[in-house]
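Asks: Any chance you can model this:
(2 chains)
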Amino acid sequence: MANTEIDLLRSSLDLLILKALSWGPRHGYGVAEWIEDATGDALSVEEGTLYPALHRLERKRWVAAEWGISDHNRRAKFYRLTTAGRAQFRATAPAWHRHAEAIAAALRATSPEIARA
Amino acid sequence: MTGRPPGWRRLFRHSLGARRVVEDVDDEIAFHLAMRAERLRARGLNEEAAAAAARRRFGDLEHVRHECVEIDRQLARQRSAADYLEDLVKDVAFALRGLRRAPGFAAASLLTLALGIGSAAAIFSVAYGVLLRPLPFAQPDRLVEVSINLKGTGEGFGSLSAPEYVDLARENRAFSGVAAWTPRGRTIGGDGRPERVNTTQVTASLFTVLGVRAQVGRIFTAEEDVAGGGLVIVLGDALWRRRYGADPAVIGRKVELDGVMRTVVGVLPPGFAIGGGELFTPLAFNPAKLPGRGAHFLRVVARLRPGITIAQARADLSEFATRSVRVNPHNYRAGGFSSTARALREALYGNARPMMTALVTTVLLLLLLAAVNVANLLLVRAEARQRELGVRVALGASQRRLVRQLLTESVLLASLGALIGVPLAALAVRSLLAINPGVVPPGAEVTLDAGVLVAVIGVVALAALVAGVAPALRAGATDVRTAIATGSAGGAKSGGRLRAVLVGAEVALAAAMLVGAGLVGRSFQKLLAVDPGFDANGALVMSVALPQVRYDTSPKIIAFYDGVLERMRALPGVRSAAATATLPLGGGTTQWSVEVDGRLNALGELSTPYIVSVTTDFLRAMGIRLVRGRAFGPEDGERSAPVTVVSEALAREFWPGQDALGKRIRLSGGDVPWMTVVGVVHDVRPEALSEPPRPTYYVLTPQFAQMAGFADQGMTVVLRTDDDPSMLINPARAVIREADPELAVYDVRTLASVVMGSVARPRFAASILAAFGLSALVLAVVGVYGVLSYVMTRRRRELAVRIALGAHPSQVSWLVVGSGMRLALLGVAAGLAAALAGRSVLTALLYEVSPTDPVVLLAVTVTLLGAAAAASWLPARRATAVSPAEVLRGE
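Replies: Numbers count the residues shown, from 1 in each chain, chains lettered A, B, ... in the order given. Take a look at the predicted model:
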């Protein structure tokens, strides 16, 4: 993968993780499932890449982790959004929207001349 | 916030251990794979296919695993540092609260620590600088001082004469280089700011032998070190900075030295000081006309040839001495001339050793005492907190946690103590150097040494740590229930014995130190009681040196002093004014052997007396009492018959059992007229109060000039007044300035301060040992008091029962005081024994006081026992003052 793609993916993945945790603590697999469902499996990312991202977010103190017991009575590591993580999400989500829309609009352009309103 | 998912519950905190990082990552990944496989199975895959698909979807497992472990390790490090810091802040805050709650304990321990650290670091730094720091020369351990001994006793380390030095430099086989130097006071002038400075005359080889280079300019060349080779100067760093503003352009500048213009050629690096000289000039001997073989004024430094030992050098010097006697039989008595070598450090700083040894020993004891005292205070405090610790153990505090907390408290105490002690040490070193009563020899580089500081703080901190942590270990080990149940009444018996031993040790250390302080103090007292032989009160002295160039004949010199003395006599308040070539206790003396009329001195059994060349009024101005005959008078002068006044000691030795008046002596070594003894005066101590009076004769300067062919250019003026002598300083200076504005007036002080200056070293020893002794006394009293007050709170119930059963409170008090006194007695006995065993440390500092002086021993015993009694009486009073019923009900 090219570096640009990694960066793009990484920042969008971070955002998706924060979004996934905004409803409450989940373990890693839970986050993976949510992303899968929410994106309609469109982001065919290797699931493993999720974990370094989670751990990195933990190091940044945007998420906090605790070991707990899952629904299936297994020992699992749960992640939850910290106040700093929530703030980060609120700050970056709108920017991402604008960014994505701008790129989408640009990609929809039909002529080399840009009409200025 | 959303709630936790069902089944989720908190298990334990995120693991911090580095080992567990890998485990946790593996668990997390395994969980993911298991969940994914399960989901796939639910969609109909078989077990194996599901597991394989889960792995495939996961991607590069090893890479992910590695990356997660890396991130988590960083995280763990961040966390443990943060946690540690957080705990530390908590512990420090806790310890500070604890110290604030026990201000007495905190103050006592901080004082002890600061005192111990401050004094020990200061004294050790000085001792290191004087005794151990390598001399600032190349390969200093290869440098030796060569000395001779004319009497052949093997003890004295005498200077060489110029012919001897020249012979040695030519004939020796042991040295790769030989150099000589001699100190000389000189006046820098020529610019309206005359200044008297200590200078050193050196051979050009001195700097090369020592391996010292100029920091600016150059050192002397061999050509400059020959008579007529050039009038040059090398400046010392301090003078260069003080007088010439550290200006490198000083090289090549002309400076007037003793009235002669000389050229500055170089500046020596800082720290170079041989014999205290601030300025260096070449000795510049004339090889054809060396000073006499009998004039011994050169100190000689030599560098051992590679491979030669100091013993081999001594053998070489023995041969040199034998050869000298053979070649110059008329100059030396066979067997009466020897030469030896000793390490240069020993030669330069050796005489500071006895004082340093005494100081280091004392401060070592003080440091030990401080350590014991802090340990003791901490132990007492810990005992009092036994119950608190027990409760905390019961509430689940781990022993490790308790240890850590008490450790924090100890470290905090030690740090605070160091925080006060280090500036104290710096201050002490600075003021010690400022006073410097001849303790630190010139040139010795003394600074507050970092290594010393670390070592001293280490010792004290270690004591604090051990004493601070021991109770925590015990608290962990003792049965919690006992500790709580017995509370204040029960307790560690072993701790009690340990404390008793510590207190006994404190008293013993204090006793030993007080004995030392007492002996040295009593020596000083005896020294001050010594009659110097003159009246030290009500007189001012000042020294003047006339440059050879302008005052080249005796009449000019005599006329100058006559003139200024005449004008000084006219100053208000001056009763008499005189001048002398040598001032008693002033640091300089001259001995000149005499022939005694009618007595053959063939065997040389008469001592060489001290000669003092003075003006007419000297005896009156000094207040030297006339015993018989008369003092010099206006009738004695250049043209009248030569007369002399002699000391009782001289009269006794030269004419035992006879009347000295009318007897005659003359300067030996020439055809000079006889001097008639016209008076006998009281003995004067010429060099030190501790030295017995020596035979001395006084001659009139004009008559001496006639006989000897010269007059001294440098003399000390003595002014006697009924008022405060310091009032005369400015008027007297003005008189000299009017007579010759280019003269440096120096050593201006009262005669009393001359006497005090001569005993500056013993006074310093006495006062510093007294200060240490007093500190020791205070520490020991604090120790006794602390332990007994603690024991009293422990025994309150028992004492209350005794009183309730009919014992009189005073009886009970005596019981308590008795236990304190037993400790003190044992301690004093041990301390006196230790002081006796170590008395050799002090003997060099004692004057007419035996190391077993009964007065001192008794005084120390009484003082310590008295202090211990007072320290035990207070807690005893407190314990028995309350009503027994109250105590018994309260428990």
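Asks: Beyond the helix or strand hosting residue A:15, next helix or strand please.
Replies: Using DSSP states H and E, residue A:15 sits within helix A:3-21. Going down the chain from helix A:3-21, the next helix or strand is strand A:26-27, by DSSP H and E.
Asks: what about that following strand, near chain B?
Replies: Yes - Strand A:26-27 reaches chain B (CB under 8 Å from any CB of the partner chain) through A:26-27. For every residue, glycine as well, the C-beta is placed using N, CA and C.
Asks: That strand - what's its average pLDDT?
Replies: For strand A:26-27, mean pLDDT rounds to 91.
Asks: which residues touch that strand?
Replies: A:20, A:34, A:68, A:70, A:76-79, B:5, B:28, B:31 (CB atoms under 8 Å, 6 or more residues apart in numbering or on different chains).
Asks: next one: stretch B:753-770
Replies: B:355, B:358-359, B:362, B:435, B:437-439, B:513, B:516-517, B:520-521, B:523-524, B:527-528, B:532, B:536, B:541, B:583, B:585-586, B:688-690, B:749, B:845, B:847.
Asks: filter those residues to the buried ones?
Replies: B:355, B:358-359, B:362, B:437, B:439, B:513, B:516-517, B:520-521, B:523-524, B:527, B:532, B:536, B:541, B:583, B:585-586, B:688-690, B:749, B:845, B:847 (16 or more other CB atoms under 10 Å in any protein chain shown).
Asks: which SSE is residue 77 in?
Replies: In the absence of a named chain, this looks at chain A. Residue A:77 belongs to strand A:75-81, assigned by DSSP H and E.
Asks: my bad, the chain I had in mind was chain B
Replies: Counting by DSSP H and E, residue B:77 is found in helix B:61-101.
Asks: Give me the buried positions along the next helix or strand after that helix.
Replies: The helix or strand immediately downstream of helix B:61-101 is helix B:103-127, counting by DSSP H and E. Neighbour-count burial for helix B:103-127, counted by 16+ other CB under 10 Å, picks out B:105-106, B:108-127.
Asks: Flag the shaky bits of the chain, pLDDT-wise.
Replies: This is for chain A. For chain A, applying pLDDT under 70 flags the ranges A:1-10, A:42-45, A:114-117.
Asks: that answer is for a different chain, and I need it for chain B
Replies: B:1-19, B:151-155, B:333-335, B:436-439, B:442-443, B:471-496, B:601-605, B:887, B:890-891.
Asks: For chain A, what is the nearest residue in it?
Replies: Chain A sits closest to residue B:59 of chain B, with a gap of 2.9 Å, by CB to the nearest CB.
Asks: What number of residues are in the vicinity of the residue in chain A that chain B sits nearest to?
Replies: Nearest residue of chain A to chain B, counting by CB to the nearest CB: residue A:46, 2.9 Å away. Neighbour count for residue A:46, taken as other CB atoms under 10 Å in any protein chain shown: 14.
Asks: likewise residue B:730?
Replies: Using other CB under 10 Å, residue B:730 has 10 other residues around it.
Asks: Tell me the secondary structure at it.
Replies: For residue B:730, the assignment made with DSSP: H, G, I helix; E, B strand; the rest coil gives helix.
Asks: same check, this time on the one 3 residues further on
Replies: Under the three-state scheme (three-state DSSP), the conformation of residue B:733 reads as helix.
Asks: Now do the contacts for it.
Replies: B:542, B:745, B:748.
Asks: Repeat that for residue B:293.
Replies: B:161, B:163-164, B:328, B:331.
Asks: quick one: which of the residues you listed is nearest residue B:277?
Replies: Comparing the contacts of residue B:293 against residue B:277 with CB to CB places residue B:161 closest, at 20.3 Å.
Asks: Quick check: phi and psi at that closest one.
Replies: Torsion angles at residue B:161 (phi, psi; degrees, to the nearest 10) stand at phi -90, psi 170.
Asks: Let me know whether it touches residue B:292 as I believe.
Replies: Yes - shown here, residue B:161 and residue B:292 form a contact pair, counting by CB atoms under 8 Å, at 6.8 Å.
Asks: more crowded one of these two?
Replies: Between residue B:161 and residue B:292, residue B:161 has the larger neighbour count (other CB under 10 Å), namely 20 against 10.
Asks: tally of neighbours for residue B:664?
Replies: 17.
Asks: The one 10 residues further on too?
Replies: If you count neighbours by other CB under 10 Å, residue B:674 ends up with 15.
Asks: Repeat that for residue B:543.
Replies: 20.
Asks: who's in contact with the residue of chain B closest to chain A?
Replies: A:46-49.
Asks: Over to residue B:544?
Replies: Taking CB under 8 Å, 6+ apart as the test, what residue B:544 contacts is B:564, B:714-717, B:736, B:743-745.
Asks: Apply 10 Å and report the result again.
Replies: B:187, B:196, B:560-561, B:564, B:579, B:713-717, B:736, B:739-740, B:743-747 (CB atoms under 10 Å, 6 or more residues apart in numbering or on different chains).
Asks: Identify the single longest helix in chain A, thanks.
Replies: Secondary structure assigned by DSSP state H gives helix A:83-108 as the longest helix of chain A.
Asks: List the buried residues for that one?
Replies: A:85-86, A:88-89.
Asks: picking up where we left off before, restricted to strands, list the buried ones among the contacts of stretch B:753-770.
Replies: B:541, B:749 (DSSP state E).
Asks: now, which of the buried ones among the contacts of stretch B:753-770 lie within helices?
Replies: Short answer: the buried ones among the contacts of stretch B:753-770 in helices (DSSP H) are B:355, B:358-359, B:362, B:513, B:516-517, B:520-521, B:523-524, B:527.
Asks: export those to a markdown table and tack on distance to chain A?
Replies: Shown next, in a markdown table, are these (distance: CB to the nearest CB, whole Å):
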| residue | distance to chain A |
| --- | --- |
| B:355 | 63 |
| B:358 | 62 |
| B:359 | 58 |
| B:362 | 58 |
| B:513 | 59 |
| B:516 | 63 |
| B:517 | 63 |
| B:520 | 66 |
| B:521 | 67 |
| B:523 | 72 |
| B:524 | 70 |
| B:527 | 74 |
